[in-house]
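In: Pasted the sequence and its predicted model underneath.
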Amino acid sequence: MNEAAHSNYTERAKRINALPSLSELLNFHELKPTKALGQNFLLDLNLTNKIARLALSANGGATEGTTIEIGPGPGGLTRALLLHDFVRVVAIEKDRRAVGLLQSLIDASANCLAVIEADALSINPTTLGPAPHRIVANLPYNIGTALLTSWLTQLALDPNAYDNITVLLQKEVVNRLVAKPGSKAFGRLSVLTQWLCRATSAFEIPASAFVPPPKVVSAVAVLTPHPSDQRPFDCSLKALSTVTAALFNQRRKMLRQAIKRLGSHSLEILTQSGID
């Protein structure tokens, strides 16, 4: 970082650190989490900074490009990303109340933060700024898996869509992302994720860290996309979706019965694959 950039960062950090606390902002704006939006606010700045550091490490320390956050709420993780000098942060927030609350952080960021009022399921994050793109987010529980699946689908079509994805999800979902064959958690999401990415479970976050506390434990997952020529097997997204749907939709069936959905040649496929 050159001297001018360091000076700009220092001034930005001073302005952000001078903002009221997250709790004070929530009280001032009378913003309470809404169950319908899957809101569980993470107010512990030690944890949000830990997530930001993890994202920075996953990206090899690079901060250029566009960092996309989903559901910033009062902006705890958003602050952490800005304080770790991510050059451009774009936060997608569906709750208009939270958009208003974040205005002071937008002002303090000196044009490094943009907040878009929208449903994240309706937006292609790669259109929100210059590459490289990365996702860093505390995902709403009610749409977390759907969002993640949509980003993985993008990666299947374009291996360069995202440099990495760092997300906080239910521990149960993270376990599925990293599950090994033969385990109870292994399923369609495991296969899709591990075909496209190296998936790791970084650390857990207890329910008590959130407002309100959810009924589940959460965990942070880091997904680092494989180069297209280094994926563990070669296939099309359509073929993978068809086969995994046949195999995992009825887990209690014998494999030869489940795979019959693929057609009359299904037993031949098993033989060719070396499966008894």
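Out: Looks like it arrived, so ask away. Residues are numbered from 1 along each chain as shown.

In: Would you mind giving the secondary structure of the residue positioned nearest the centre of the chain?
Out: Centroid check for the chain by CA atoms, centre = their mean gives V167 as the closest residue, at 3.4 Å. Taken by DSSP: H, G, I helix; E, B strand; the rest coil, the conformation at V167 corresponds to strand.

In: Isn't it up against I135?
Out: Yes - with contact defined as CB atoms under 8 Å, V167 counts as touching I135 (6.5 Å). From N, CA and C alone the C-beta is placed, and that goes for glycine too.

In: Excluding sequence neighbours, find me the nearest residue to D119.
Out: K94 (5.3 Å; CB to CB, 6 or more residues apart in numbering).

In: The one you found: neighbour count?
Out: Close neighbours of K94, defined as other CB atoms under 10 Å, add up to 21.

In: ok now do it, which residues does it touch?
Out: By CB atoms under 8 Å, 6 or more residues apart in numbering, the residues touching K94 are L37, G71, E117, A118, D119, A120.

In: The second one - nearest residue in space that isn't next to it in sequence?
Out: Sequence neighbours aside, P140 is the residue nearest to G71 in space, at 5.1 Å (criterion: CB to CB, 6+ apart).

In: Surely that neighbour and F41 touch.
Out: No - shown here, P140 and F41 do not form a contact pair, counting by CB under 8 Å, at 11.0 Å.

In: out of these two, which sits in the busier spot?
Out: F41 (23 against 19).

In: how close does the more buried one get to E93?
Out: Using CB to CB, to the nearest Å, F41 is found at 12 Å from E93.

In: Identify the bridge partners of Q170.
Out: S218 (DSSP bridges).

In: mind starting the numbering at 50 from now?
Out: Renumbered: residue one is now 50, and that last one reads Q219.

In: and it, how many neighbours does it have?
Out: 18.

In: Quick check: it vs F90, distance?
Out: From Q219 to F90 the distance is 16 Å (CB to CB).

In: ok, G87 - contacts?
Out: Here G87 is in contact with G120, P189, Y190, N191, I192, G193 (CB under 8 Å, 6+ apart).

In: Overlap of the contact sets of F90 and E142?
Out: G122.

In: residue ranges of the strands in the stretch 100-249 of the chain, please?
Out: Counting by DSSP state E, counting those that start in this stretch, the segments of the stretch 100-249 of the chain that form strands are 115-119, 137-142, 162-166, 182-187, 213-219, 246-254.

In: do you know which of those strands lies nearest D207?
Out: When the strands of the stretch 100-249 of the chain are compared by CB to CB, strand 182-187 sits nearest D207, at 10.5 Å.

In: where does that closest one sit relative to the chain's centre, distance-wise?
Out: 5 Å (CA atoms, centre = their mean, to the nearest Å).

In: Can you tell me which helices and strands that strand packs against?
Out: Applying 3 or more CB pairs under 8 Å, 6 or more residues apart in numbering; DSSP states H and E, we find strand 182-187 packed against helix 94-107, strand 115-119, helix 125-132, strand 213-219.
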